[in-house]
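Asker: Have a look at this prediction, sequence included:
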Amino acid sequence: MALETPTQGENSSDGASCQEDSPYDINPSLVREQLARVLACAQFKSSVKLSKFLRFVTEAALEGRAGEIKETAIGVAVYDKAPTYDPKVDTVVRTEARRLRRKLDEYFQELGQSDPVRISLPKGGYVPLFTPVVRRVNVLVEHSETQEHVVDLPVSSVETTREPVEDRDPSPKRRTLLILASLCLFVLFTGLLFLLRWHWQRSESLSASSHIGPMTSVPGESYQPSISPDGKSVAFIWNNGPHAYNIYVIQRGGQPLRVTTDDDSDFHPAWDRDGGSLAFLRASPSGSRIVLIPFPGGSEKILFSLKSARPWSEDLLGTRNDTGPAWSADGTELFVSDVAPSGQGLGLYAYNLTSGALRPITDPLSDRRDLSPAASPDGRWIAFVRFTSYDSSDIYLYSLTDHTEREVTHEHMDIQGLAWSDAGRSIIFSSNRGGTYGLWKIGLNGGEALPIETSGESAIQPAVSPDGKFLVYADSALRSNILKVSLDHPSSALAIAPATRRSHSAQFSPDGSNVAFVSDRSGKWELWTADADGKRVTQLTKFEAATVGSPRWSPDGKLIAFDARPNGHSAVFVIAADGQQLRELSPGNSEEKQPSWSPDGEWIYFDSNRDGSMRLWKMRVSGADATPVSHSSLTDAQISPDSKTLFFTTAGDGLWEMPSNGGKETMVQGLERSRFGRLWTVTEHGIYFVDTAKERSSLRFYDFKTGVSKSVMTLPVDPLVGFPSLSYSPTQKAILFAAKEEQHSDLMTLWWK
């Protein structure tokens, strides 16, 4: 039986109807052996669902059931969908099929180059294609008594006999045609060479690397690689499952060696010049410190403390806010990011290891944040990333000789790590400028950034070896969905509008019939709505290049206020619940975010720096009559249902309150030591919240009357921290929250030729 199947569409009546025309007859056992090889690689071992998808369609085809390989059947068998689910609404199979095609292509371009059978999933259908790898041989074909030509043919097309080629003297007309044809081929060949050279110059591709593959393949999440001066070891952070992050060191082909053992989280390891010590950041509830530890063993030494109460954050990319430390080229100083001298935003500092002095380097305007410092090999520059909003940033260079700074990129995209390359002549950085996070290279004078092809779902936090022969990066992948849990039946959870990408920031409409949420299921972050049962999913916005967040329903359920960043800064928008009448309410280039409605629907409260410092403001729904409310910086303001009290959080622990029209700010008694992670919501009688400093799976309720909080239920999974994804509906008597469905992060190594 021939098993090479043509592309079959979803509506094909018989997925195997054309198999008789296949030129190959593959033994099913060979295909199953190939399937086992594919599923054993790291790319598929970390993705259970994709492995199940590939196994299902492969076995169905091998068993002669190709006609049953339909979108609905895959959804039911692989993704546990109900037989009645609508694939037009829930596009999980189509989305996952694209990921499966990409992973198969990556496998056979790298690890499976020499495998005897190639498994592919042609576009337009789900029936797999099994193709044997054809060896090629050279066959000598005679042209005349004095000429011979070597032809490259597949083994299967080689004949055992050869017919002699008639020796003819071509006519003048034919000779002219042959000359013209030769000229055309020459021009075509020359043009092809030009295009290939142009493409090679534009892109550092996998063909320019001798090997790419995983350095770590361990449970939990691995981030922030740092390569030792001799290039033999890589320091990184690893949480080893549900534990705090600690520093580990690994060599190629070896096992991770644990360096730090503290209960607090350690971040950003950086080797000193001789590879004998590691500097790193230790974050704890009591504060954050830069620590130095000898390697491979010795006593830690605390160098200095940071002012920043939260020098790192956790979100869909795992760990963010790369504050450093980073070593100077001569090894005498450490560069780090901390609260700027102005008291607003984050600036860069230099710590002198001899004198212990800490001197400021940059002092950005307003609430901008300077992160990811990296000193050039010649000691002339510090490259860093300046964020003007949550995920809007560009690369800057600070001159250590004349103390000036200049902008290298001008794109307002999210940059997650950078490293010096080419002996200090260029910079490799991670950015979502291409949609997903990938690696790019750019010169010190800016210009066009060139892509570096990598393996995996994303590529962040690059580190380049001192000799420039290889780089290491973190491949991070996360899928998150919205869950609805009934307070009366806490053991059951319903996924609202599930997808194979990421969703968060879900909020019930006032009557509980609808849900607004943020998702990148379309490939970009947009605002979406769905029925409370997860059906009738609707995309409201089409920014195409903006992070969207903090959706809040108006009290009458007709409007949704939210923030978005289409122009490099955060602005407050309002849109009708049907996706019509989109309006921006933020003027100029101010940073304005996290809107919240007054109970009467007349006012919108929001964070803004329009007068210089970030604090709470309010304005009418039209955008008029904007006035400041608070004197200090605060986040996630919510108004009590009786309109009297405004609750909010700050960068530290605890929940705060103040009169809704402004006044004294006081901490809510009984919640002073709680940490909210944006997971809280105000109701008529109290506050539902998750204390991220304690047990994240515990939903708690703070009673306004008693001033006491208690656990009311154990959530089926831990909620996603860092997004306003906790919402309560009294009519539904249920809680909404976002949860991780699948997450992994491993270190990948790319070796240059």
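Answerer: Looks like it arrived, so ask away.

Asker: What residues sit buried inside stretch 500-507?
Answerer: 500, 501, 502, 503, 504, 505, 506, 507 (16 or more other C-beta atoms under 10 Å). For glycine as for every other residue, the C-beta is placed from the backbone atoms N, C-alpha and C.

Asker: my bad, stretch 336-356
Answerer: Using 16+ other C-beta under 10 Å as the test for burial, stretch 336-356 gives 336-340, 344-351, 353.

Asker: Return the member of the buried residues of stretch 500-507 nearest to residue 611.
Answerer: For these, the residue nearest residue 611 by C-beta to C-beta is residue 505; the value is 27.3 Å.

Asker: Check whether that closest one really touches residue 550, as I assumed.
Answerer: Yes - here residue 505 lies in contact with residue 550, judged by C-beta atoms under 8 Å, at a distance of 6.4 Å.

Asker: what sits in contact with each of those two?
Answerer: residue 724 (C-beta atoms under 8 Å, 6 or more residues apart in numbering).

Asker: Pull the number of nearby residues for the closest residue to residue 483 other than its chain neighbours.
Answerer: In space, and not counting its chain neighbours, residue 483 is closest to residue 493: 4.6 Å by C-beta to C-beta, 6 or more residues apart in numbering. The number of residues packed near residue 493 is 19, by other C-beta atoms under 10 Å.

Asker: Need the per-residue pLDDT for residue 493.
Answerer: Note on residue 493: pLDDT of 87.

Asker: Now do it against residue 664, distance only.
Answerer: Taking C-beta to C-beta, to the nearest Å as the measure, residue 493 falls 41 Å from residue 664.

Asker: just checking, what's the longest strand in this structure?
Answerer: Counting residues, the longest strand in the chain under DSSP state E turns out to be strand 734-752.

Asker: Let me know the average pLDDT across that one.
Answerer: pLDDT averaged over strand 734-752 gives 87.

Asker: helices or strands up against it?
Answerer: strand 209-214, strand 222-227, strand 470-486, strand 503-508, strand 727-729 (3 or more C-beta pairs under 8 Å, 6 or more residues apart in numbering; DSSP states H and E).

Asker: Which residues outside the following helix or strand past the longest one are in contact with it?
Answerer: Going down the chain from strand 470-486, the next helix or strand is strand 493-496, by DSSP states H and E. Under the contact criterion C-beta under 8 Å, 6+ apart, strand 493-496 has outside partners 481-485, 506, 515, 517, 530, 532-534, 716-717, 736.

Asker: Show me the helices in this structure, by range?
Answerer: With DSSP state H as the criterion, the chain has helices at 28-40, 42-45, 48-62, 71-79, 92-109, 172-202.

Asker: where among those is the average confidence lowest?
Answerer: Ranked by mean pLDDT, those end with helix 172-202 at the bottom, a mean of 54.

Asker: Which positions within stretch 592-601 qualify as buried?
Answerer: The neighbour-count check on stretch 592-601 (16+ other C-beta under 10 Å) flags 592, 593, 594, 595, 596, 597, 598, 601 as buried.
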